[in-house]
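**Student:** The sequence and its predicted three-dimensional model are supplied below.
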Amino acid sequence: MMRKSRWKIYNQTEFYLFIVLIVLSTILAFVNPKFLRLENIFDLLRNYTFLGILALGQLVVLISGGIDVSFTAIATVSQYIMGVIISKYYIDNILVALAIPIPIGIALGLVNALLVYYTRVHPVIITISTLNVFYGFLMFITSGRWIYKFPPSFRNFVQIKILSFTSAKGTPYGLSILTLFWIIVAVMTWFILKHTNIGRKIYAVGGNLEAARRAGINIFRTYIFVYCYMGGLAGLASFVQAQLAQIIQPNAIVGKELDVLAAAILGGASVFGGSGTVPGAILGVLLIAIIKNGLVLMRIPAYWHQVVMGAIIAGAASVTALQMKFKSRRMVRKNVD
């Protein structure tokens, strides 16, 4: 039993991700001793909360056998509407500001779900189309104007710390409340996928759509949940991004699709559906954060960062495909024996 459990651990993508994470962190610590300081770690977690929340939403979509690249446009639209409302009417209530983008994201996610289900067109085609429609319509209406006049409650919220410390130089630092959002979403997503009926249906639909349909699973409702969940998290992530930037730019979010996909796929989510875990997605985000930090430390030009992300996606997807191939072979041999 112990040998089987050890083999199971060694066969997990998360195990190898964790090893790579430790090795890269050690290397960066030698390059720059400040890297492993608690202050830098807290800053890294805060700065990648936006990416982390979106990666968890993408994880759910990938497990269902779909893919969504419109989430950046959904986040942009949700964020801009929030910014217009709280700045124009000067709504000095952070809970109201937080409540605005999430339902907008859910509504736009619903559009994706309906189109994917009724057209039967591959989700990547549908979501590329809706990305351009949502984003293009917003740019047409707003002419790309920036929003930067926010009420005090919105400006000050990002300063809240869950855990507070003081550095040797007397500078305060700590665990940002924005990072707490990521933690809550991670726990919620893990619970949904592992301990709810809809979570089991998502894995079933992604594993074998036709078998899931024959088993009586409602594909329509599953798609509704999956794409609305992605949309809702995109709305929440847009709030986080606005907090970090303290300015709303219509062109600030669109273009980050590659990083989110890289994190989810690197964490073990299969582009073919049916597999993926929350710990894997989190480790994928952390690995992306460390890789990008390393590229900055090595002073590699920013345009090469996208090349690296593209290579990571290709490599991770290939490894996942090979794992599925070997797994199917082992199952065939087992059935033959």
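**Tutor:** Good, I have the coordinates. This is a predicted model, so every value here is computed, not measured.

**Student:** Could you tell me how many residues sit around the residue lying closest to residue 148 once chain neighbours are set aside?
**Tutor:** The shortest distance from residue 148 to any residue that is not its chain neighbour, by Cβ to Cβ, 6 or more residues apart in numbering, is 4.5 Å, and that residue is residue 247. All C-beta atoms are positioned from the backbone trio N, CA, C, and that covers glycine. A count of nearby residues for residue 247, using other Cβ atoms under 10 Å, gives 13.

**Student:** ditto for residue 98
**Tutor:** Residues contacting residue 98 under the criterion other Cβ under 10 Å number 18.

**Student:** Assign the closest residue to it other than its chain neighbours to helix, strand or coil.
**Tutor:** Residue nearest to residue 98 in three dimensions, not counting chain neighbours: residue 239, with 5.6 Å by Cβ to Cβ, 6+ apart. Three-state secondary structure (criterion: DSSP: H, G, I helix; E, B strand; the rest coil) places residue 239 in helix.

**Student:** Wait, residue 239 touches residue 95, no?
**Tutor:** No. Counting by Cβ atoms under 8 Å, residue 95 is not a contact partner of residue 239; they are 11.1 Å apart.

**Student:** More neighbours: which of these two?
**Tutor:** Of the pair residue 239 and residue 95, residue 239 is the one with more neighbours under other Cβ under 10 Å, namely 27 against 8.

**Student:** What separation is there between that one and residue 52?
**Tutor:** In this structure, residue 239 and residue 52 are separated by 14 Å, where distance is defined by Cβ to Cβ, to the nearest Å.

**Student:** Count residues in the vicinity of the nearest residue to residue 231 once chain neighbours are set aside, would you?
**Tutor:** Leaving aside its sequence neighbours, residue 231 sits nearest to residue 109 (Cβ to Cβ, 6+ apart; 2.2 Å). The criterion is other Cβ under 10 Å. On that basis, residue 109 has 29 neighbouring residues.

**Student:** pLDDT at residue 109, what is it?
**Tutor:** Per-residue pLDDT puts residue 109 at 97.

**Student:** what's the helix or strand where it lies packed up against?
**Tutor:** Element membership for residue 109 (DSSP states H and E) is helix 101-119. Contacting helix 101-119 under the criterion 3 or more Cβ pairs under 8 Å, 6 or more residues apart in numbering; DSSP states H and E are the following elements: helix 71-88, helix 123-142, helix 219-245.

**Student:** Can you give the contact residues for whichever helix or strand comes after the shortest one?
**Tutor:** Towards the C-terminus, the helix or strand next in line after helix 71-88, according to DSSP H and E, is helix 94-99. Where contact means Cβ atoms under 8 Å, 6 or more residues apart in numbering, the residues beyond helix 94-99 that reach it are 82, 86, 91, 153, 154, 157, 236, 239.

**Student:** Please repeat the previous calculation with a cut-off of 6 Å.
**Tutor:** Applying Cβ atoms under 6 Å, 6 or more residues apart in numbering, the contact partners of helix 94-99 are 86, 153, 154, 157, 239.

**Student:** cool, stretch 14-30 as well?
**Tutor:** Against stretch 14-30 from outside (Cβ under 6 Å, 6+ apart): 9, 35, 36, 279, 280, 283, 287, 290, 294.
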